[in-house]
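Q: Turn this into a structure:
(2 chains)
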Amino acid sequence: MTTQTAKKPRYLADSPRFLAGLFMSPTIIYIVALVGFPFALAIIYAFTDITTGDPSLEFVGLDTIKAVWNDTVFRRALGNTFWFAVISNLFVVILATGLAELLTRDFKGKWFVRFLVLLPWVAPVSLATLTWLWTLDSVFSPIDWLLRQVGLIDQNMYWLGRPSLAFISVVAVQVWRIAPLAAVIVMAGMMAIPKDVHDAVEVDGAGPWRRLFEINIPLLAPIIAVAVLFGVILSMADMSVIYVLTRGGPTHRTQVLSTWAYFKGIEGGALGQGAAVALFLFPVLVGLTAVILRLARRREVL
Amino acid sequence: MTWDSTNVARLREKTRRRHRLGRVGLYLSAIGFSLFAVFPFSWAVISMFKRSNDLYSRDNNPFWFNEPPTLQHIQYLFRETNYLTFVRNTLIVGLVVTAVTLAFSLPTAYALARLRLKWGERMGIAIFLVYLIPPTLLFIPMTRVINFLGIQETLWSLILVYPTITIPISSWLLMGYFKSIPMDIEEQAMVDGYSRLGAITRVVMPLMFPGIVAVIVFAFTLSAHEFIYALSFNKASAVKTIATGVPTELIRGDVFFWQSLQSAVVLVAIPIALVFNAFLDRFIAGFTMGAVKG
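A: Have a look, this model is predicted:
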């Protein structure tokens, strides 16, 4: 792209406006075509009765959304999504702060500990979850074996087979998976606290607990909030853990909006209803994202 | 202030004891966190080598080889299943997606970081927001788009769609790297007679090397992690990736090939985790602060 313009030996590509257009347009076109367009389609689908068998777009007003809303499974999924996200992230925040606190210290073998504790997050999610599917097996679970050895149970726990226990199990696996991510975000925030602050506190003789509650937590509150919001978005939007472990069962006790959208829209072929189910996530995601942006702005992290 | 020596000694002893206690606590929590994180993986690794008689006996110690370990399940995985096809598909998709991601996000990031555009900052945030739109909202209409293009049940479907995940995060990440390279270097090169493109390719790009490596790692691993699109677009065994192939193909009906299944997980997850782990700090810096602080 070094075509010369008339007189001066200046290059066309030296013009920032030309260059900006040249550099930005592929990405903008791509994103409009493959994010913007499908998103618009998702909204349109929610107002039609489109299915894979009858893919014509006939507008039915609010009928599809009403049908989705009146479905008892949807109501359960809505509640489950909320509790799944809230409960798991409550634990994530506690574990992540502790983990970040640990990983900012110096100790022997730290690189290895870091590798191990980050493993749940960096291994591909569907595969990492498969290790839990086997760990929580109805008959051969090693956890059951341990519990039997110490005499707490006689038979098996059926971790994924009993409705409420299954919900607890998927929450636990989600916590296991997201906590490392949150920890690394919090850790980045911890390292951004000027060393002077720590030194001053140390000179003043504050112990680790006071350091945690009076320095780290107040200073870190915004970045912890960012970590939690990422965690909440991931918990609401990512269906991999639940899909692999329970497929929403037993009796829809672990059904969430994302899995329900998949079963309705892809496996059931009701594209309109599937899209409508997923769209119920949208207002919440917008709200959470707005909060992230505000917090990040205030801290100048974005 | 004056201190008598006994006081000092007592204080010193107190601090030392507190320090030692702190160290013990530190190592205990390191062990605790590691055990929690690694527990299911260790069970997977042991299962890989267990004989069926040993594994499928409820009262055998699951953490011990009650019968000699065996490699037969790993052999089964490689010889009798489509595992290598999944690995190959994942590699192909990952490599092409990575190349596409770089081709799109490098220029975009440069424009956002360097060209002092009026709408540059807003554009940057808009791209960040695209990163936050989860596939869950898009996968249903996306399957229609893919069907319309006639590329369902091919690797092209994944190659076309995965950059929607990787380009936004990579642009955001690279923007931070561009901002960390002083503008002067580039201007000096232009004063020395390079065109802007010349300055970019000969002077700036070599300095961008670490950022480019980071993007290669992320684009590749994110493609290998992706689940929902791969599950929705490709149902045929020959075009599955490891993320969808292993959970769907190695479980037939109610029959689980547990040892082979866990081998498949461990053999792929550990290398990906090792690589990702090495670049994790950059990744996090990229999506939390990157741009302004970089």
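
Q: From here on, just use CA atoms for contacts and neighbour counts.
A: OK.

Q: which regions of chain B lie under the pLDDT threshold?
A: Applying pLDDT under 70 to chain B flags residues B:1-3, B:253-254, B:281-294.

Q: Output the longest helix belonging to it.
A: If you go by DSSP state H, chain B has its longest helix at helix B:5-48.

Q: Model confidence score at the residue nearest the centre of chain A, please.
A: The centre of chain A sits closest to A:Leu234, judged by Cα atoms, centre = their mean, with a distance of 1.0 Å. For A:Leu234, the model assigns a pLDDT of 85.

Q: Whichever helix or strand it is part of packs against which elements?
A: A:Leu234 belongs to helix A:217-237 when assigned by DSSP states H and E. Helices and strands touching helix A:217-237, by 3 or more Cα pairs under 8 Å, 6 or more residues apart in numbering or on different chains; DSSP states H and E, are helix A:72-103, helix A:163-192, helix A:257-262, helix A:281-299.

Q: picking that back up, how about the longest helix of chain B and chain A, touching?
A: Yes: remark: helix B:5-48 sits within contact range of chain A at B:26-27, B:29-31, B:33-34, B:36-38, B:40-41, B:43-44, by Cα under 8 Å from any Cα of the partner chain.

Q: Identify all contacting residues around stretch B:213-225.
A: A:123-126, B:90, B:93-95, B:97-98, B:101-102, B:162, B:165-166, B:170, B:173-174, B:241-243, B:272, B:275-276, B:279, B:282-283 (Cα atoms under 8 Å, 6 or more residues apart in numbering or on different chains).

Q: same question but for stretch B:200-207, I mixed them up
A: B:Ile181, B:Ile185, B:Glu186, B:Ala189.

Q: which of the residues in that stretch are buried?
A: Buried positions in stretch B:200-207, judged by neighbour count with 16 or more other Cα atoms under 10 Å in any protein chain shown: B:Ile200, B:Val203, B:Val204.

Q: And that stretch, how far out from the chain middle?
A: Relative to the centre of its chain, stretch B:200-207 is centred 26 Å away, using Cα atoms, centre = their mean, to the nearest Å.

Q: rewinding a little: specify the angle between the helix holding A:Leu234 and helix A:72-103 in degrees.
A: Here the directions of helix A:217-237 and helix A:72-103 differ by 140 degrees (axes from the mean of the first three to the mean of the last three Cα atoms, to 10 degrees).

Q: So B:Phe276 sits against A:Val122, correct?
A: Yes: assessed by Cα atoms under 8 Å, B:Phe276 is found in contact with A:Val122 at 6.2 Å.

Q: residue contacts, the closest residue to A:Tyr262 other than its chain neighbours?
A: In this structure, A:Tyr262 finds its nearest non-sequential neighbour in A:Gly274, 6.6 Å apart by Cα to Cα, 6 or more residues apart in numbering or on different chains. A:Gly274 makes contact with A:Ala46, A:Trp260, A:Ala261, A:Tyr262, A:Phe263, A:Lys264, A:Gly265, A:Ile266, B:Ile140, according to Cα under 8 Å, 6+ apart.

Q: B:Thr90 now?
A: Applying Cα under 8 Å, 6+ apart, the residues near B:Thr90 are B:Ser223, B:Ala224, B:Thr241, B:Ile242.

Q: Can you report how many residues lie near B:Lys118?
A: Neighbourhood size, B:Lys118 [other Cα atoms under 10 Å in any protein chain shown]: 9.

Q: I'd assumed it was in a strand, is it?
A: No: with DSSP: H, G, I helix; E, B strand; the rest coil as the criterion, B:Lys118 is located in coil rather than a strand.

Q: which ones are touching it?
A: No contacts exist for B:Lys118 under Cα under 8 Å, 6+ apart.

Q: Show me what the helix or strand that contains B:Asn277 is packed against.
A: Here B:Asn277 is covered by helix B:258-288, with elements defined by DSSP H and E. The helices and strands touching helix B:258-288, judged by 3+ Cα pairs under 8 Å, 6+ apart, are helix A:110-122, helix A:125-135, helix A:163-192, helix B:5-48, helix B:72-80, helix B:163-180, helix B:209-225, helix B:242-249.

Q: Using a markdown table, please lay out those together with distance to B:Asp54 and mean neighbour count.
A: Compiled in a markdown table, the helices and strands packed on helix B:258-288 are given as follows (distance: least, Cα to Cα, whole Å; neighbours: other Cα atoms under 10 Å in any protein chain shown):
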| stretch | distance to B:Asp54 | mean neighbour count |
| --- | --- | --- |
| helix A:110-122 | 27 | 21 |
| helix A:125-135 | 15 | 24 |
| helix A:163-192 | 26 | 22 |
| helix B:5-48 | 10 | 15 |
| helix B:72-80 | 13 | 16 |
| helix B:163-180 | 43 | 26 |
| helix B:209-225 | 32 | 21 |
| helix B:242-249 | 23 | 24 |
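
Q: Many thanks, we can stop here.
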